[in-house]
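**Q** Give me coordinates for this.
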Amino acid sequence: MAYIERAITGILKRRLSTSRCLLLTGARQVGKSTLIKHTFPEYNRSNFDDRLTRIQAKEEPKLFFMNNPRPLFIDEVQKESSIFEEIKLIVDGSEQRGQFILSGSQKLDLMKGVSESLAGRVSIMELGGLSLREIFNISFNRHFLPTGDYISEREKELVHYEDIWEIIHKGSYPELYDIDREWQDFYSSYVATYLERDINELITTDSLTFMKFLTAVAARTGELLNYANIAGEIGVSEPTVKNWISILERTGIIFVLQPFSSSALTRTIKTPKVYFRDTGLACYLTRWLTADALKNSAVAGNIFETFVVSEILKSYSNEGKDYRFNIFYYRGKDRRASGDNEIDLIIQEDGVLYPIEIKMSGNPKASMAATNQLLDRVPEKKRGMGIILCLIDKKTYLREDLLALPIEYI
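**A** Below is the predicted model:
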């Protein structure tokens, strides 16, 4: 299969032309190296996965840069973060833009090195797995925001997503779409490689225990993050689980969604939710081996929600935007009804709160968004159009302020 054009490509080119260097982060196998090599073939390449290359970069940095002239692409740069200081000296001594492209799969570790050495000199972007837009060759590249303007623009490039459960089960790693790779073989190799190359460098435990941990987290995708519950299931301490969750987050395996907070909502649950970034990997770890079995399973709703959240995050990162301070969820007891009330996602932008429900249903009802009115209590914020993202076949108004949308609108 031919190379799939990545939505982030245009933004990468623009950022590189105006920045002294560019840093692309993302999990293993999401296509960082392929994207850079395809888009910037003129760049020399060096890979810090190679131990001898790392040793030279650390012990003889000037010799390393003589052997690897600019413009230079350094892959897995976080494995030898001492190189950041030398890069700083080089870029400070020149007004030339785009001398370095850096990539790595440990986002927060990279951020630490960047903040110490390259602050103000580097443009940081994130690459996820293939999005539905990329798989179906849709050029529209705006982050999901349920405004009238967004919806009318998105409708110009709507494509019906056939076999959506096949895609959810397959996952978003490019190699599964580039060649006829057997699903189970890919994920078994991915997990083994991930454990061997990344995790063993960050933690000290046996691979069996960590596999149990990965599986326990995958089984809870789309749920509240209960550290004590996971610790009890796999037989390690709660601080250990917190540390391992942090490792999964910074290596791009999971996303931890924070709760929305406001002084007006006094009974909000403060626990974050956890989502796997790739539904195929979550299915492999929890042993859902076919799309049909997954679709009819008890976990289908959580996996569907995980998939939709991941697609929304990709719509932000592919436009070069940071979603961390824009996307939240709400669960609490601020209404006088019994039980918890929940809003699956709250997107915050320009003083407006957009409540989003994610439902694995082809028959959405207004009652699914009964909690949305709570957002009217939040001072200095307006409540925007409420959305139910679901498996309906066409855009449908359920109320003047509530719209059911097919997931094709993401």
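
**Q** Provide the secondary structure category for I388.
**A** Secondary structure assignment for I388 (DSSP: H, G, I helix; E, B strand; the rest coil): strand.

**Q** Now do it: how many residues are near it, please.
**A** By other C-beta atoms under 10 Å, the residues close to I388 number 23. From N, CA and C alone the C-beta is placed, and that goes for glycine too.

**Q** Next: the one 4 residues further on.
**A** If you count neighbours by other C-beta under 10 Å, I392 ends up with 17.

**Q** May I have the residues that are in contact with the residue nearest to A7 when sequence neighbours are not counted?
**A** Take A7 and drop its neighbours on the chain: the residue closest to it by C-beta to C-beta, 6 or more residues apart in numbering is N318, 4.0 Å away. By C-beta atoms under 8 Å, 6 or more residues apart in numbering, the residues touching N318 are 6-8, 11, 128, 131, 133, 141.

**Q** Those residues, buried ones only, as a PyMOL selection?
**A** Buried residues within the contacts of N318, by 16 or more other C-beta atoms under 10 Å, are selected in PyMOL with:
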select buried, resi 6+7+8+11+128+131+133+141
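
**Q** so can I have a markdown table of the contacts of N318 showing distance to I343 and secondary structure?
**A** Shown next, in a markdown table, are those (distance: C-beta to C-beta, whole Å; DSSP: H, G, I helix; E, B strand; the rest coil):
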| residue | distance to I343 | secondary structure |
| --- | --- | --- |
| R6 | 31 | coil |
| A7 | 28 | coil |
| I8 | 29 | coil |
| I11 | 30 | helix |
| G128 | 24 | coil |
| S131 | 24 | coil |
| R133 | 25 | helix |
| N141 | 27 | coil |
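
**Q** Check the offset of the helix or strand in which S17 is found from the chain's centre.
**A** Element membership of S17 [criterion: DSSP states H and E] is helix 9-18. Between the centre of helix 9-18 and the centre of its host chain there is 20 Å, according to C-alpha atoms, centre = their mean, to the nearest Å.

**Q** go on, stretch 6-16?
**A** Relative to its chain's centre, stretch 6-16 lies at 17 Å (C-alpha atoms, centre = their mean).

**Q** could you give me the average pLDDT of that stretch?
**A** Per-residue pLDDT values over stretch 6-16 give a mean of 96.

**Q** shift numbering so it begins at 108
**A** Sounds good: first residue 108 from here, last item stretch 113-123.

**Q** Using CSV, list the CA coordinates for that stretch.
**A** The C-alpha coordinates for stretch 113-123 follow below in CSV (Å, rounded to 0.1, in the frame of the first residue of the first chain):
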residue,chain,number,x,y,z
ARG,A,113,-0.2,12.5,7.4
ALA,A,114,-2.5,15.4,8.3
ILE,A,115,0.2,17.0,10.4
THR,A,116,2.6,17.4,7.4
GLY,A,117,1.7,21.0,6.4
ILE,A,118,1.9,22.2,10.0
LEU,A,119,5.3,20.5,10.4
LYS,A,120,6.7,22.3,7.3
ARG,A,121,5.4,25.7,8.5
ARG,A,122,6.8,25.2,12.0
LEU,A,123,10.2,24.0,10.7
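
**Q** ok so, going back, out of the contacts of N425, flag the one nearest to Y430.
**A** G235 (10.7 Å; C-beta to C-beta).

**Q** How much space separates the closest residue to that closest one other than its chain neighbours from T160?
**A** Leaving out its chain neighbours, the residue that sits closest to G235 by C-beta to C-beta, 6+ apart is K421, at 4.5 Å. The gap separating K421 from T160 is 31 Å, by C-beta to C-beta, to the nearest Å.
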